[in-house]
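Q: Model the following, please.
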Amino acid sequence: MIAILAGIIIFPTLFSTLQLSPEQFKQEFEVSLGLMFQVFPIIISQMPGGYIFGILFFALLLIAALTSTISMLEVPTAYLVDERKWSRNKASIVICIMAFFMGVPSALSAGGSKFLTDLNVMINLDFVFGNILLAFGGLMICLFLAYVWKIRNALEEISHGNSRFWLKPVWVFNVSILAPIAVIILLIFIRTFTG
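A: Numbers count the residues shown, from 1 in each chain. Just a heads-up that it's a prediction; the model follows:
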């Protein structure tokens, strides 16, 4: 709900502040990267007290990025600790170093390297991972949970932490039917939505 409300607030503000139509906006800015680092600073600079709100906005963005990074690094770290019997420190350091070097091409593609900038590495990776693989991963999780691990096992696991799970019928319908269909439709039409 917060993301939907943010979209309802941000996009009308964006187009009225910049006096651009959606088509002009797509031509002027890189849609994925430009919104955060090109457009928001323009909007924030035109607000009363924009300097303070800008600092707060980007500080909160930094915190959001760090917390997301920690949760993403936990999965491979837990695998190395549980399955390979590595120490937690060693696993965390190795995964962080690997993630750093895997991120270097993206960082350099914003002007740091002409070759990587010409290849649009950041934009292409954002499209592949942010649009296709994220949706595909969600689809695989739903299918695994509903049809491999089975709903009854998932509900049993949920009941350990929440014995009064009153949304059970809605959750079962969403995970086993609605979410997979919605993601498949999204994957079929993803080029139309992002193009």
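Q: now the residue nearest the centre of the chain: how far from Ser106?
A: For the chain, Gly130 is the residue whose C-alpha lies nearest the centre (C-alpha atoms, centre = their mean; 6.0 Å). Separation of Gly130 from Ser106 (C-beta to C-beta, to the nearest Å): 12 Å. For the C-beta atoms, the positions are set from N, CA and C on the backbone; glycine is no exception.
Q: and what of Leu125?
A: Counting by C-beta to C-beta, the gap from Leu125 to Ser106 is 6 Å.
Q: For Ser176, which non-adjacent residue is closest in space?
A: Ala146 (3.9 Å; C-beta to C-beta, 6 or more residues apart in numbering).
Q: Residues touching stretch 49-68, excluding its own?
A: By C-beta atoms under 8 Å, 6 or more residues apart in numbering, the list of residues contacting stretch 49-68 from outside reads Met36, Phe40, Pro41, Ile44, Ser45, Met47.
Q: helix or strand for the second one, which one?
A: To tie it back to what came earlier, the one meant is Phe40. Counting by DSSP states H and E, the element that carries Phe40 is helix 40-45.
Q: hmm, back to that, can you name the residues that contact the residue nearest to Ser176?
A: So Ala146 contacts Val175, Ser176, Pro180 (C-beta under 8 Å, 6+ apart).
Q: just checking, next helix/strand downstream of the longest helix along the chain?
A: Ranked by residue count, the top helix of the chain under DSSP state H comes out as helix 50-82. Following helix 50-82 in sequence order, the next helix or strand is helix 88-108 (DSSP H and E).
Q: list the buried ones in stretch 56-72?
A: Within stretch 56-72, the residues that count as buried by 16 or more other C-beta atoms under 10 Å are Phe57.
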